[in-house]
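# here are the coordinates; sequence isn't available:
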DNA sequence: GATGCCACCTGTAGCCACTACAGGATCAAG
DNA sequence: CTTGATCCTGTAGTGGCTACAGGTGGCATC
């Protein structure tokens, strides 16, 4: 059994975040030592690492909850997992395309400024009717 | 002079958001009619439209404040505007590259699930040591 | 035994940029 | 005169943490 500090190290989830996950019921409450400190077993550490990976992949916490539920389940409904991942992937692709448009617009704006002779074209354009 | 509802329509900034901007001092307090309702002139509408465009381009409010200050200034420091835009553009490109990596990882994950025969490979992978 | 330091504890507030009420006042049209 | 749209203020909620205040417990050192 590990302390919260060790678990933070091992899972890559910060101490405060681990306590936050417990408070929010995203992970079950940890066991406690005689003096009230949290203690974690291997399964708890795996769970936190799983959450960190999901978060790194941009899954919202609500999805993480569902994925954790599915993973508890013996049958591990692969279809459900895939559906969640696919929906998230679509979301990521949408954000990508938004961001690409943004990049084009900003690049253009900055370029206009570089070429500027007189009044700042960026401000001018942003203020246009 | 227009009412807040008309201005929301014209500028594309929602009524609540306009009030929020005023509360936060992002825009100056609007004039008021005899019965206490906000009234806006053309300049106020331009300012709100400017803010909306900046926000659409992903500039944080702190940048918008600075850009508004610069635009008030007669000399309209083009260099400063460009510097802010360039920094923001770098930020956008960084997010783009993060998101692209994410897309690759997610696509791979989902594909593994499609090809799966037995245990859900997505869950398996996310739970791996 | 005192001191210092570290890791841990709880509880609360702050972050960003809104958004969503609740509860009330006033306006314009029929 | 009534209806419904629009406006007002003030406060709380969103997501997902992060930071801080103020305290406890345990161990090593002097």
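Perfect, thanks for sending it. Remember, it's a predicted structure, so these values are computed and weren't measured experimentally.
# In stretch A:119-129, which residues are buried?
The neighbour-count criterion (16 or more other Cβ atoms under 10 Å in any protein chain shown) identifies A:120-123, A:126 as the buried residues of stretch A:119-129. The C-beta positions use only the backbone N, C-alpha and C, and glycine is treated the same way.
# Can you name the residue of chain A nearest DNA strand C?
Going by Cβ to the nearest atom of the strand, DNA strand C is nearest to residue A:5 of chain A, at 2.3 Å.
# Nearest to residue A:71 among the buried residues of stretch A:119-129?
Checking the buried residues of stretch A:119-129 against residue A:71 by Cβ to Cβ gives residue A:126 as the nearest, at 47.9 Å.
# The closest one touches residue B:52, doesn't it?
No: if you go by Cβ atoms under 8 Å, residue A:126 and residue B:52 don't touch, sitting 9.5 Å apart.
# since we're on residue A:81, how many residues are nearby?
Residues lying near residue A:81 (other Cβ atoms under 10 Å in any protein chain shown) number 23.
# how near is residue A:71 to chain B?
According to Cβ to the nearest Cβ, to the nearest Å, residue A:71 and chain B sit 5 Å apart.
# who touches that residue in this structure?
Residues in contact with residue A:71 (Cβ atoms under 8 Å, 6 or more residues apart in numbering or on different chains) are A:50, B:123, B:127.
# Inside strands: which ones of the buried residues of stretch A:119-129?
Of the buried residues of stretch A:119-129, none are assigned to strands by DSSP state E.
# Out of the residues you listed, which are close to chain B?
Residues of these in contact with chain B (Cβ under 8 Å from any Cβ of the partner chain): A:120-123, A:126.
# ok, back up a step: closest one of the buried residues of stretch A:119-129 to DNA strand D?
Using Cβ to the nearest atom of the strand, the buried residues of stretch A:119-129 come closest to DNA strand D at residue A:126, 24.9 Å.
# give the contact list for the closest one.
Taking Cβ under 8 Å, 6+ apart as the criterion, residue A:126 is in contact with B:50, B:53-54, B:67.
# List the buried residues for the longest helix along chain A?
Counting residues, the longest helix found in chain A (DSSP state H) is helix A:78-114. Neighbour-count burial for helix A:78-114 flags A:78, A:80-82, A:84-86, A:88-89, A:92, A:95-96, A:99, A:102-103, A:105-106, A:109-110, A:112-113 (criterion: 16+ other Cβ under 10 Å).
# For residue B:72, see how far away the most centrally placed residue in chain A is.
Per Cα atoms, centre = their mean, the C-alpha nearest to the average position across chain A is that of residue A:55, at 3.0 Å. Plainly put, residue A:55 is 41 Å away from residue B:72 if you go by Cβ to Cβ, to the nearest Å.
# Next: residue A:54.
Distance, residue A:54 to residue B:72, by Cβ to Cβ: 46 Å.
# More neighbours: which of those two?
residue A:54 (21 against 9).
# Report the spatially nearest residue to that one, omitting neighbours in sequence.
In space, and not counting its chain neighbours, residue A:54 is closest to residue A:64: 4.7 Å by Cβ to Cβ, 6 or more residues apart in numbering or on different chains.
# Flag every residue of chain A that's near DNA strand C.
Counting by Cβ under 7 Å from any atom of the strand, chain A comes close to DNA strand C at A:3-6, A:8, A:15, A:19, A:36-38.
# sorry, back to before: what helix or strand is the residue of chain A closest to DNA strand C on?
Secondary structure from DSSP states H and E places residue A:5 in helix A:4-11.
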